[in-house]
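K.L.:
pasting the sequence and the predicted coordinates here, then a few questions.
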Amino acid sequence: MNITLVGAGAIGTLWAVKLTQQQHNVQLWTRDSAPEIIVHFSELNSPTITTDYSFSCNDPHALAASEMVIVTVKAFQVTAALTPLLPYLNTDCVVIIMHNGIGSQQHVQQLLPHNPIIYATTSQAAFKPTPTTIHHTGLGQTWLGAINQQAQSQTHIAEMFNSVLSPSQWHTNIYQPLWQKLAINCAINPLTAVNQCPNGDLGQNCYQDQLDSICTEVAQVMTAEGVNTTSQQLRHQVDSVIAATSANYSSMNRDIFHHRLTEIDYINGYLVQQAQRHHIDTPVNKQLWQAIKHMESQDHE
Ligand code: PAF
């Protein structure tokens, strides 16, 4: 398949390499105009053995010939990343959006009224120590699902993703796994960013009450949104991710560390906005949203 991958971060590059290994023809779309990138990639459990992959980049002809575009930029970058591509995109081209958080869907549907649009969420983990070095650091479930009518019949895309990087599965209501992942991100991301600690530190006693409160608030909003869960289930999932990624620094931790904007508006911010619609009080999520906004504003004065 001819594929353009937009946003060569850790997760985007991981998918680009895995798709290339299965003979798909992948070009990268990047912020600069480089015609080629060489990526040094290491497989899971072999961090010291790297293989080089060469990707052509930013070719409008290849974009026009793409049957699939995968967008892996951050939630707040999706509109700006997609807009310059619109003149080249074939209306049959399947567009897959993969980012932490919820809230870009409406804009994307407005930008692409004809294309099949799929949203995806992944628990695969990758680490990018330099701009061209990627380590695959963890296996995890990927969910894909349609968010418009045109994409309803594209269930085979999940099979293709599964053959590239398993486990990947189609979900008939993608908002369910998106909310499940949102709950994990509401808990882990702001706490590890505010406290500048690795995920595993959230196992310490001093964080347990906050984690409980976050899960209770998120479970109330998810239930009001029609997504079946309990605070205990969410707490269990959060604890499992903390244990499985204990040495990792969350994406928001890294964003704050490197003085970049974070996805907080699409994570705890989105949660608080949905809570307000349902008249649910979410003080702990609101306080964390405000704390991260404050840290961002200090960095971007
Ligand atoms: O954003 C992240 O870093 C990840 O989604 C997660 C699951 C919190 C693990 O670090």
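P.N.:
Perfect, thanks for sending it.

K.L.:
per-residue pLDDT of L271, please?
P.N.:
At L271, the model reports a pLDDT of 98.

K.L.:
what kind of secondary structure is it in?
P.N.:
Following DSSP: H, G, I helix; E, B strand; the rest coil, we place L271 in the helix state.

K.L.:
ok, how many other residues are close to it?
P.N.:
Residue neighbour count, defined by other C-beta atoms under 10 Å, stands at 28 for L271. Heads up, the C-betas are built off the backbone N, CA and C, glycines and all.

K.L.:
hey, where'd the helices end up in this protein?
P.N.:
10-21, 60-64, 78-82, 105-111, 156-164, 175-194, 208-224, 231-244, 251-257, 268-277, 283-299 (DSSP state H).

K.L.:
so of those helices, which one's packed in deepest?
P.N.:
helix 175-194 (a mean of 24; mean count of other C-beta atoms under 10 Å).

K.L.:
center of this structure - which residue?
P.N.:
Most central in the chain under C-alpha atoms, centre = their mean is H99, positioned 2.5 Å from the mean C-alpha point.

K.L.:
pLDDT wise, what is the residue nearest to that one when sequence neighbours are not counted at?
P.N.:
Distances taken as C-beta to C-beta, 6 or more residues apart in numbering place A75 nearest to H99, at 4.6 Å, with adjacent residues excluded. We have a pLDDT of 97 for A75.

K.L.:
and A75, how many residues sit next to it?
P.N.:
20.

K.L.:
in contact with it, which residues?
P.N.:
H99, N100, G101, G103, S104, E263, D265, Y266 (C-beta atoms under 8 Å, 6 or more residues apart in numbering).

K.L.:
repeat that with 7 Å
P.N.:
H99, N100, G101, G103, S104, E263, Y266 (C-beta atoms under 7 Å, 6 or more residues apart in numbering).

K.L.:
so which residue of the stretch 1-150 of the chain comes closest to the ligand?
P.N.:
The nearest approach of the stretch 1-150 of the chain to the ligand comes at N100, 5.0 Å away (C-beta to the nearest ligand atom).

K.L.:
test my guess that the residue nearest to the centre of the chain contacts F76.
P.N.:
No: the pair H99 / F76 is not scored as a contact, 9.0 Å apart, by C-beta atoms under 7 Å.

K.L.:
please pick out the residue of the protein most distant from its centre.
P.N.:
Quick read of the chain (C-alpha atoms, centre = their mean): farthest out is N205, 28.7 Å.

K.L.:
about what we covered before: and of the helices of the chain, who's closest to I70?
P.N.:
Among those, the nearest to I70 by C-beta to C-beta is helix 10-21 (6.3 Å).

K.L.:
local confidence estimate at E301?
P.N.:
pLDDT recorded at E301 is 61.

K.L.:
use 53 as the first number from now on
P.N.:
With 53 as the first residue, the last one maps to E353.
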